[in-house]
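[1] Output the structure for:
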Amino acid sequence: MDFERARFNMVEQQIRPWDVTAPKVCQLLMTTQREDYVPPSLRSLAFADIEMPLSHGQTMLRPAIEGRILQALGTKRARSALEIGTGSGYFAALLASFSKKVYTVEIEPELAQLARGNFARNGMANVIVEEGDGAQGWFAQAPYDVIVVSGCLPELPGALLAQLKPGGRLFAFVGEAPTMKARLIVRKNEKQTQCRDLFETQVPMLRHAPRTGEFLL
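    Numbers count the residues shown, from 1 in each chain. Down below sits the predicted model:
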């Protein structure tokens, strides 16, 4: 299979038509080897417009959604980034391209080990896989410049925003089927945040997603 041609087609036919036009984002998607992060039996589908199935009922997001997340976050150099929901490690690899250090949290030990192997093979020395439940974030390395939650949350817990630096950006899917909103939150300072809903979609619910009744935005 011609992976380079398939990658080009993914960007030009799936990602750009979904209003992802930032040159740095498109270049990043063209140079990061997505096929190295999918199950070996599905490599021929690495660039398809689908949620790629992984083990334990988890999936990789559609390429167009990954592109929209990156464009919303921007590619300004970040000192530290947090991803909740590692999966196979592909999105953390994208974050690693503009972050000094990426901490990615995976609840499934098998997937955490898979991601570690993928990072090692691709020379991603600035990505640290933390094994555990990241539904409330990961306080150990907080605060972060960037936070991405790869699964959906019924409500956005205050604990996540507390781990975001002033000036930082947080992306999460918020709501419940059939209405889940892709939400970007920018922390202006210690007291002020700016919230914007970017699009609606449906993605798997984050395991142990909190339902405390205490939500921020």
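[2] got the contact list for residue 28?
    70, 75, 94, 97-98 (Cβ atoms under 8 Å, 6 or more residues apart in numbering). C-beta here means a position set from N, CA and C on the backbone, and glycine is covered the same way.
[3] May I have the helix ranked longest in the chain as PDB, with CA atoms only?
    Longest helix in the chain by number of residues (criterion: DSSP state H): helix 109-121. Extracted C-alpha coordinates of helix 109-121, given in PDB (Å, rounded to 0.1, in the frame of the first residue of the first chain):
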ATOM      1  CA  PRO A 109      -2.700  -1.500  31.100                       C
ATOM      2  CA  GLU A 110      -2.700  -3.300  27.700                       C
ATOM      3  CA  LEU A 111      -3.200  -0.100  25.800                       C
ATOM      4  CA  ALA A 112      -0.700   1.800  27.900                       C
ATOM      5  CA  GLN A 113       1.900  -0.800  27.100                       C
ATOM      6  CA  LEU A 114       1.000  -0.700  23.400                       C
ATOM      7  CA  ALA A 115       1.400   3.100  23.300                       C
ATOM      8  CA  ARG A 116       4.800   2.900  25.100                       C
ATOM      9  CA  GLY A 117       6.000   0.500  22.400                       C
ATOM     10  CA  ASN A 118       4.700   2.700  19.600                       C
ATOM     11  CA  PHE A 119       6.400   5.800  21.100                       C
ATOM     12  CA  ALA A 120       9.700   3.900  21.500                       C
ATOM     13  CA  ARG A 121       9.600   2.700  17.900                       C
END
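[4] Show me what the following helix or strand past it pairs with in its sheet, parallel or antiparallel.
    Counting by DSSP states H and E, the next helix or strand C-terminal to helix 109-121 is strand 127-131. Here strand 127-131 is paired, per DSSP bridges, with strand 99-106 (parallel).
[5] Return the set of buried residues in the partner strand.
    99, 101-106 (16 or more other Cβ atoms under 10 Å).
[6] Residue 164 against residue 170, yeah?
    Yes: assessed by Cβ atoms under 8 Å, residue 164 is found in contact with residue 170 at 5.3 Å.
[7] just for the chain, where's the confidence low?
    Scanning the chain for pLDDT under 70 picks out 212-217.
[8] quick one: the strands in it?
    If DSSP state E is used as the criterion, the strands of the chain fall at 52-53, 59-60, 78-84, 99-106, 127-131, 144-153, 164-176, 179-187, 193-201.
[9] Nearest to residue 16, out of those?
    strand 193-201 (15.5 Å; Cβ to Cβ).
[10] which residues touch that closest one?
    Under Cβ under 8 Å, 6+ apart, the answer for strand 193-201 is 65, 68, 72, 161, 173, 179-188, 216-217.
[11] Show me just the buried residues among those residues.
    Judged by 16+ other Cβ under 10 Å, buried ones among the contacts of strand 193-201: 65, 68, 72, 161, 173, 180, 182-187, 217.
[12] Can I get those residues in CSV including distance to residue 129?
    Below are the buried ones among the contacts of strand 193-201 laid out as CSV (distance: Cβ to Cβ, whole Å):
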residue, distance to residue 129
65, 22
68, 25
72, 24
161, 24
173, 22
180, 26
182, 25
183, 25
184, 25
185, 25
186, 27
187, 25
217, 28
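[13] related to what we said a few turns ago, how far off centre is the longest helix of the chain?
    16 Å (Cα atoms, centre = their mean, to the nearest Å).
[14] All good on my end, thank you.
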